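In: Curious how this folds, go ahead:
(one chain, ligands or ions: 3)
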Amino acid sequence: MKILLVDDDQLDREMVVRALNRSDLNAHISEAVTVDQGLEMYAANSYDMVLLDYQLPQRNGIEMILELRNETKDNSIAIVMMSSSEDEELSLACIRAGAQDFLLKSEISSVRLRRALIHASTRFELEKKLYNTYKKVKLLAETDSLTGLANRYYFDESLKQVLTLNTRSQQQTALLLFDLDNFKVVNDSFGHDVGDLLLKKVVLRIKSCLRGNETFARLGGDEFGIMLNDLSSSDQAGQVARRIVTVLHKPFEIASAFLQTTVSVGIAIFPENGKTSEVLFKHADIAMYRAKNNGRNQICFFEEEMQKKFYLRIKTEAELRVALVEQQLLLFYQPVINPENNQIVGFEALIRWQVGDELRTPDQFIDVAEETRLIVPIGEWVMEEAISTLARWNRKYNQVLTMAINVSAHQLCDRNFVEKLNSSLIKHKVPAELIDIEVTETALLKETEEARNALVAIDQLRCRLSLDDFGTGYSSVSHLRNYPISVMKIDKSLMPIDETDMKNIALVEGLVSMASILGLEIVAEGVETPYQVSLCNIFNITHVQGYFYSKPKRRKDIENEYLNNNVIYVDLMSENEDEH
Ligand code: C2E
Ligand code: CA
Ligand code: CA
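Out: Ligands and ions are numbered 1, 2, ... in the order given. The predicted structure is shown next:
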């Protein structure tokens, strides 16, 4: 028997060792003098028993018991406690904390010690068995034996718990209910064994398209539930539902037959569609009923507004795929001005989408493009188009203008991004220093290895990196220091309205001095009024963008209005035409 003896008193340890050696236990004894040393030895070796003194320096024996009992039962160990105190309360406290037996030091003899150790280890084995049985029963009570998923009981309890937690924070949670559209037919024509197999395969496939942080349960028969916590918007629930519907498109091969199954999904969102699990369930159920009624194999939100948004996203995605092929995307360019002399120093490329007569702005489609990763090919097109335009302008008008290009997180994570950027620069003979790559902090927050590598590579190409929309999101100074950023773009929401807007004035002033300390250039966005121009001049901001000077315009309009006339400044006497 391997025993860990923890006692700071050398004489007591010798007494215990002697008693053990006189017994027939064949004891291998390791000695520690403090709780911490004991825990260290316990972690590094394996023992059958801990023999523990109560009175120890720094931390007492009960603390050691508590730490050992913190381990899972499988990793835990039998403990016998020793003390010189006859205090009954103390001995009870030790047992409550998790010791199997308690010995008075004055009573220790070879026979007593042997008996205590054997009783303790038997008791411990029994406790362990009981614990394992409890675990098994718990598992049986909470899981569905066919699929291994959580069952209705567990799902209900979890949902209730999550809703209680979220009531204060009002954090959105989605409840998705769905069942297989043709399960009864499968059961009736192929038998229950095939039905069971189908359920199992369906579950595996659905699991493969979930992230793992969802609660996925079989609620009974062919009915399933998924709970999505920490939702950022109802769209996210729609995305998950779509993945589920899509992943079931391919038929299942079971017993050399090919079975096709579809699902109807109903979605209700907490707190908007129900504040309790009962109401949420009822509403998700109603939504599922609608999905079935509408012809099955589809997704329904309980709330009409959410449903509309969901359809719009699906429609936008489909149209966006066409847009790429049919070249409906185009770039507008907004001049970047030096407010001291109204000279144009460069441009920012801003995407637009022409569908017939309708001109769509990025807020109508960039989100969808990002979600569907269509932003990668779209972004490649933007980069090529913007660089080729800049090459043309600088050549034709003999200028050294700059071009800012917006890039999203997905693009940075795309392995070919930097290579494509580089080959565009070479192809159009544009010096890298003239290109500003604009990223937002949200993109930096993704902190993926690929994104970081891309930023470093962009910097090595000698393109400049701008941090866009500064002052709206996290605005963390560490991002400015940890990445090779050279430009800070102050978001338009920070632009002071007038001289009474003290808060924003102070903010901009603070940002200007921070940027100068960090050696960053500043670009102010959203400059709309003469007051804002004068403020930029006071703060020595040499690059500004905004409607005061010019809205974003088509390439030929920029050429006609500014570049052709060799007017590389904005003529404030002539009216700025509206872009849309
Ligand atoms: P952003 O990069 O912050 O672009 C500036 C936005 O402010 C543009 O909106 C611009 O039209 C608008 N703006 C410019 N001056 C003023 C002003 O004086 N007042 C006001 N109220 N607004 C002004 P836009 O063109 O609708 O673009 C919106 C966002 O879409 C951009 O914000 C950018 O994040 C994104 N975006 C645009 N083009 C691209 C692109 O090619 N790729 C990617 N990934 N994102 C893009
Ligand atoms: Ca931008
Ligand atoms: Ca911006």
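In: name the element the residue nearest to residue 150 when sequence neighbours are not counted belongs to?
Out: Nearest-residue entry for residue 150: residue 217, 4.0 Å, with adjacent residues in sequence omitted and distances by C-beta to C-beta, 6 or more residues apart in numbering. Using the backbone N, CA and C atoms, a C-beta is placed for each residue, glycine as well. In this structure, residue 217 is located in strand 215-220 according to DSSP states H and E.
In: Tell me how far the next helix or strand after that strand lies from the chain's centre.
Out: Later in the chain than strand 215-220, the nearest helix or strand by DSSP H and E is strand 223-231. Distance, stretch centre to chain centre, for strand 223-231: 16 Å (C-alpha atoms, centre = their mean, to the nearest Å).
In: circling back: counting by contacts, list what the strand holding residue 217 packs against.
Out: Using 3 or more C-beta pairs under 8 Å, 6 or more residues apart in numbering; DSSP states H and E as the contact criterion, the secondary-structure elements in contact with strand 215-220 are helix 152-169, helix 192-208, strand 223-231.
In: same thing but 6 Å
Out: helix 152-169, strand 223-231 (3 or more C-beta pairs under 6 Å, 6 or more residues apart in numbering; DSSP states H and E).
In: Output the contacting helices and strands for the helix or strand just after the longest one.
Out: Spelled out, that is helix 152-169. For helix 152-169, the succeeding helix or strand toward the C-terminus, using DSSP H and E, is strand 172-180. Other helices and strands packing on strand 172-180, by 3+ C-beta pairs under 6 Å, 6+ apart, are strand 223-231, strand 263-270, helix 277-293.
In: Next, the angle from the longest one to strand 263-270.
Out: Read that as helix 277-293. Here helix 277-293 runs at 150 degrees with respect to strand 263-270, directions being taken by axes from the mean of the first three to the mean of the last three C-alpha atoms, to 10 degrees.
In: same thing with the first one?
Out: Here strand 223-231 runs at an angle of 40 degrees relative to strand 263-270 (the same axes, to 10 degrees).
In: re the thing from before, in a markdown table, list the helices and strands packed on strand 215-220 along with mean pLDDT, mean neighbour count and distance to residue 388.
Out: Output for these, formatted as a markdown table (pLDDT from 0 to 100; neighbours: other C-beta atoms under 10 Å; distance: least, C-beta to C-beta, whole Å):
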| stretch | mean pLDDT | mean neighbour count | distance to residue 388 |
| --- | --- | --- | --- |
| helix 152-169 | 94 | 15 | 49 |
| strand 223-231 | 95 | 20 | 41 |
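In: TSV please, covering those and showing distance to ligand 2.
Out: Rendered in TSV, the data for the helices and strands packed on strand 215-220 read as follows (distance: least, C-beta to the ion, whole Å):
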stretch	distance to ligand 2
helix 152-169	32
strand 223-231	28
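In: mind putting the ones you listed in CSV, distance to residue 376 included?
Out: Shown next, in CSV, are the helices and strands packed on strand 215-220 (distance: least, C-beta to C-beta, whole Å):
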stretch, distance to residue 376
helix 152-169, 34
strand 223-231, 25
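In: which of the helices and strands packed on strand 172-180 sits most buried?
Out: Between these, the one whose residues have the most neighbours on average, counting mean count of other C-beta atoms under 10 Å, is strand 263-270 (a mean of 26).
In: Pick out the residue of the stretch 151-300 of the chain closest to ligand 3.
Out: Checking the stretch 151-300 of the chain residue by residue against ligand 3 with C-beta to the ion singles out residue 232 as nearest, at 20.8 Å.
In: Torsion angles phi and psi at that residue?
Out: phi -90, psi -20 (degrees, to the nearest 10).
In: That one: neighbour count?
Out: Applying other C-beta atoms under 10 Å, we find 8 residues neighbouring residue 232.
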